[in-house]
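J.: Below are the sequence and a predicted model for it; my questions follow.
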Amino acid sequence: MAAQEVAAQPSDTLATLKTESETLKTKLEEERAKLHDVELHQVAEKIEALGQFVMKTRRTLKGHGNKVLCMDWCKDKRRIVSSSQDGKVIVWDAFTTNKEHAVTMPCTWVMACAYAPSGCAVACGGLDNKCSVYPLSLDKNENLAAKKKSVAMHTNYLSACCFTNSDMQILTSSGDGTCALWDVESGQMLQSFHGHAADVLCLDLAPSETGNTFVSGGCDKKACVWDMRTGQCVQSFETHESDINSVRYYPSGDAFASGSDDATCRLYDLRADREVAIYSKESIIFGASSVDFSLSGRLLFGGYNDYTINVWDVLKGTRVSILFGHENRVSTLRVSPDGTAFCSGSWDHTLRIWA
Amino acid sequence: MSNNSAGGLVSLQKNVKQLRFEAGIRRIKVSQAAADLKTFCLQNAHKDPLLMGVPSSDNPFRPPKSCALF
């Protein structure tokens, strides 16, 4: 018998634990089912249907030499940072489409990038297994790479990163199956989050009013909600049938959406502790790579591997629009901080601003 | 789940502990949760530019690029 103390009792054997595990899983499902008294779209039946949407590409950002893998908005609602398979990280002014900064990373496949809340730095990483922070200089001639600070170290690729409410801490997720919270200044790991059984592909921080939690999604088809202070997984959801590529909180913080390789997007309510909507169509057979909500949470934008963006009515569960334009997979999608537009990045090397 | 018996045991114990925790959390009815989601959407709809559509003059991305200085 292993000598450890995690609630160990002499009678704990693999068999009894497995049985208890199965019993608890069934109980969990039963408890959730008891409260499943109605479907979200039924509650939404009486609401007026949404009209026709006219959303077009208003800007195209060209400059990456290879697939765009990730992007993030600056809080100033006009700047964007994007990262690519070719190792380049570019900061753009989305109004003018001008490139303001460019950094060449020492690795290819920069899968994650994020803008610091202050707008003064960006974080990025990928196949280098690290998350590095680059302060943005006002001097265009300055070599940004010189001031680079390595913050996070994982044992596999970095899949996502995000600053917390300040420039001082970064949350990361990795192909090594963990998430972690880091102090930017010292590079020290403040908390680690273990529980996924495979690569973690995405994460999103809860809106600040909701408290210190974040949600992550992984190749184990699970979405987990974590307490940032204790490192504990407080809720988990396993209804997707394939990898979860993207997770995003609903603006109130009471729910989150996910996009998956199973070609569906789903909505999970945290207080009901269950999936409450599935956004899918028989004609949609390619995976959803990235999702985000409009400001009120009524619309869910999903970028898909079939090059399209589907716009869903979150409450009624129906698709309200399909947007064409990208010439390859849509890999990343974020609504701007003031909700006036959203940006999509694609394997076609471009980013598009839609409004 | 690990096949190594010692590692497998610890991992299963953690699993069971986690499941006990998750089974015990407080939940509300879907009807209540759904009503709250609906209320939030409706209350904030008027502030949602992508939902309502804003006049071109108010949306910084809508005016054509001829307004730019470059």
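T.: That came in fine, so what should we check first?

J.: Quick check: the most centrally placed residue in chain B vs chain A, distance?
T.: In chain B, the centroid-proximal residue (C-alpha atoms, centre = their mean) is B:Leu37; its distance is 11.1 Å. Taking C-beta to the nearest C-beta, to the nearest Å as the measure, B:Leu37 falls 6 Å from chain A. Yep, even glycine has a C-beta here, placed from its N, CA and C like the rest.

J.: That residue is in contact with A:Tyr250, isn't it?
T.: Yes. Under the criterion of C-beta atoms under 8 Å, B:Leu37 makes contact with A:Tyr250 at 7.1 Å.

J.: which residues do these two both contact?
T.: When contacts are counted by C-beta atoms under 8 Å, 6 or more residues apart in numbering or on different chains, the set common to B:Leu37 and A:Tyr250 consists of A:Gly297, A:Val314.

J.: Can you list phi and psi of residue 39 for me?
T.: No chain in the question, so chain A it is. Backbone torsions of A:Glu39, given as degrees, to the nearest 10, read phi -100, psi 150.

J.: hm, I was asking about chain B
T.: phi -60, psi -40.

J.: what separates it from chain A, distance-wise?
T.: With distances taken as C-beta to the nearest C-beta, B:Thr39 is found 9 Å from chain A.

J.: and that residue, how many neighbours?
T.: The number of residues packed near B:Thr39 is 11, by other C-beta atoms under 10 Å in any protein chain shown.

J.: Likewise for A:Ser258?
T.: Using other C-beta under 10 Å, A:Ser258 has 27 neighbouring residues.

J.: can I assume it sits in a strand?
T.: Yes. A:Ser258: assigned to a strand according to DSSP: H, G, I helix; E, B strand; the rest coil.

J.: thought it was touching A:Tyr268?
T.: Yes. The pair A:Ser258 / A:Tyr268 is scored as a contact, 7.1 Å apart, by C-beta under 8 Å.

J.: Could you list the low-confidence segments of the chain?
T.: You didn't say which chain, so I picked chain A. Along chain A, the model assigns pLDDT under 70 to residues A:1-12, A:140-141, A:210.

J.: nope, chain B please
T.: Across chain B (using pLDDT under 70), the flagged ranges come out as B:1-6, B:63-70.

J.: list the buried ones in stretch A:151-167?
T.: Going by neighbour count (16 or more other C-beta atoms under 10 Å in any protein chain shown), the buried part of stretch A:151-167 is A:151-154, A:157-164, A:167.

J.: before we move on, back to that, quick check: the closest residue to the residue nearest to the centre of chain B other than its chain neighbours vs B:Gln43, distance?
T.: Closest residue in space to B:Leu37, ignoring its immediate chain neighbours: A:Ala255 at 6.2 Å, by C-beta to C-beta, 6 or more residues apart in numbering or on different chains. From A:Ala255 across to B:Gln43, the span is 15 Å (C-beta to C-beta, to the nearest Å).

J.: which of the two has more neighbours?
T.: Between A:Ala255 and B:Gln43, A:Ala255 has the larger neighbour count (other C-beta under 10 Å), namely 27 against 11.

J.: Near chain B, which residues of the stretch 51-200 of chain A are found?
T.: A:53-55, A:58-59, A:77-78, A:94-98, A:195 (C-beta under 8 Å from any C-beta of the partner chain).
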